[in-house]
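# sequence and computational prediction follow.
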Amino acid sequence: MRLIQNMCTIAEYPTPGSAAAADYCLGAAGRRLVKIAVVGASGVGKTALVVRFLTKRFIGDYERNAGNLYTRQVQIEGETLAIQVQDTPGIQVHENGLSCNEQLNRCIRWADAVVIVFSITDRKSYELIGQLHQHVQQVHLGTRLPVVVVANKADLLHIKQVDPQLGLQLASMLGCSFYEVSVSENYNDVYNAFHVLCKEVSHKQPPSSTPEKRRTSLIPRPKSPNMQDLKRRFKQALSAKVRTVTSV
Ligand SMILES: Nc1nc2c(ncn2[C@@H]2O[C@H](COP(=O)(O)OP(=O)(O)OP(=O)(O)O)[C@@H](O)[C@H]2O)c(=O)[nH]1
């Protein structure tokens, strides 16, 4: 299934630094914007995860992903943030390692934070995590991008190929948060994974430097009329009228 609301594809992204990209700095109503890319191997449940987070629903059957962008708002420590979540096509693995096409690299470059998903029923998807994490950090050289590792399909323990504990160990080695989730059975864990990421991004961008606040100081509001002056002019007008009436 593909969610149609508030959606555009990776190909429609403004390139960083362009005028159009500047519009992306603010969410609706000038809210701070957090941009999250969801990456991982094919079939691990990326679309299911994103749709679950946005709609609270698990639909079960999803169209092969073409890289859709979704938006919603979240409350983080009393502040409403606009967040954009980019679902990405499954990553292909070749003999030489990862194959990240330009479309995916643009998406990673655009993001403020990344969710790396693997499935506990697919060993290969787990083995991708290290390389993917390294790739994300290379794209954002010089800044440590917040990343959360998500082990999905926790309801399928009977056919697991990876012990979720391994996911936890790997994530802590990489310095990432870790969530074991079942997108099909539990919404709260999915929400928490995104929430923790938004919180991390929001702490990296202190509210004092939010575009919303900067905007206020850059575009000064017209001064409100001086009340004393208004009262004086009103009295003058009144007394002029009284004089006119008296003189008639
Ligand atoms: N049992 C179970 N199935 C899940 C879960 N999450 C996703 N699935 C199923 O896994 C399959 C793949 O899910 P998708 O969300 O399409 O996976 P994807 O990573 O977006 O796949 P690509 O678009 O190919 O990259 C679907 O049949 C989902 O219903 C889960 O938590 N438990």
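Ah, there it is. Numbers count the residues shown, from 1 in each chain.
# and the gap between Ser182 and Asp112?
For Ser182, the distance to Asp112 (CB to CB, to the nearest Å) stands at 27 Å. Using the backbone N, CA and C atoms, a C-beta is placed for each residue, glycine as well.
# over to Leu132?
17 Å.
# same question, Gly90
22 Å.
# more crowded one of the two?
Taking other CB atoms under 10 Å, Gly90 and Asp112 do not tie; Asp112 has more neighbours (22 against 18).
# look at the more buried one and report its pLDDT.
We have a pLDDT of 96 for Asp112.
# what's the closest non-adjacent residue to Leu104?
Thr88 (5.8 Å; CB to CB, 6 or more residues apart in numbering).
# interface residues of this structure facing the ligand?
42-48, 60-62, 64-65, 89-90, 152-153, 155-156, 182-184 (CB under 6 Å from any ligand atom).
# what about the residues you listed, which are in strands?
Residues of those located in strands (DSSP state E): Asn152.
# isn't the residue nearest to Leu104 up against Ile36?
No. If you go by CB atoms under 8 Å, Thr88 and Ile36 don't touch, sitting 10.9 Å apart.
# related to what we said a few turns ago, in helices, which of the residues of the chain next to the ligand fall?
Lys46, Thr47, Ala48 (DSSP state H).
# most neighbours out of the residues you listed, which is it?
Sorting those by how many neighbours each has (other CB under 10 Å) puts Lys46 first, at 29 neighbours.
# list the residues that contact it.
Val38, Val39, Gly40, Asn65, Asp87, Thr88, Gly90, Val117 (CB atoms under 8 Å, 6 or more residues apart in numbering).
# mind listing what the third one touches?
Listed by CB under 8 Å, 6+ apart, the contact partners of Gly40 are Lys46, Gly90, Ile91, Ile116, Val117, Phe118, Ser125, Leu128, Leu132.
# which of the helices and strands in this structure ranks last by mean pLDDT?
Across the helices and strands of the chain, mean confidence by mean pLDDT, DSSP states H and E is lowest for helix 211-218: a mean of 40.
# on that earlier part again, so which of the contacts of Gly40 is the most crowded?
Using other CB under 10 Å as the neighbour criterion, Val117 leads those with 31 neighbours.
# confirm for me that that residue is in contact with Val150.
Yes. Val117 is within contact range of Val150, at 4.7 Å (criterion: CB under 8 Å).
# so what's in contact with those two at the same time?
Counting by CB under 8 Å, 6+ apart, the residues touching both Val117 and Val150 are Leu49.
# where does pLDDT dip in this structure?
Applying pLDDT under 70 to the chain flags residues 1-30, 65-66, 95-97, 206-231, 233-234, 237-248.
# and the strands in it, which stretches?
Going by DSSP E, the chain shows strands at 8-9, 33-40, 68-76, 79-87, 92-94, 97-99, 113-119, 147-152, 177-180.
# need the ones you listed in JSON lines with distance to Gln137, can you?
JSON lines is the format used below for the strands of the chain (distance: least, CB to CB, whole Å):
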{"stretch": "strand 8-9", "distance to Gln137": "25"}
{"stretch": "strand 33-40", "distance to Gln137": "13"}
{"stretch": "strand 68-76", "distance to Gln137": "23"}
{"stretch": "strand 79-87", "distance to Gln137": "18"}
{"stretch": "strand 92-94", "distance to Gln137": "19"}
{"stretch": "strand 97-99", "distance to Gln137": "13"}
{"stretch": "strand 113-119", "distance to Gln137": "10"}
{"stretch": "strand 147-152", "distance to Gln137": "8"}
{"stretch": "strand 177-180", "distance to Gln137": "15"}
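# ok, now which ones touch Gly130?
Leu170, Leu174 are the contacts of Gly130 under CB under 8 Å, 6+ apart.
# measure it to the ligand for me?
Going from Gly130 to the ligand by CB to the nearest ligand atom, to the nearest Å gives 18 Å.
# Glu127 now?
16 Å.
# go on, Leu197?
Leu197 is 18 Å from the ligand, by CB to the nearest ligand atom.
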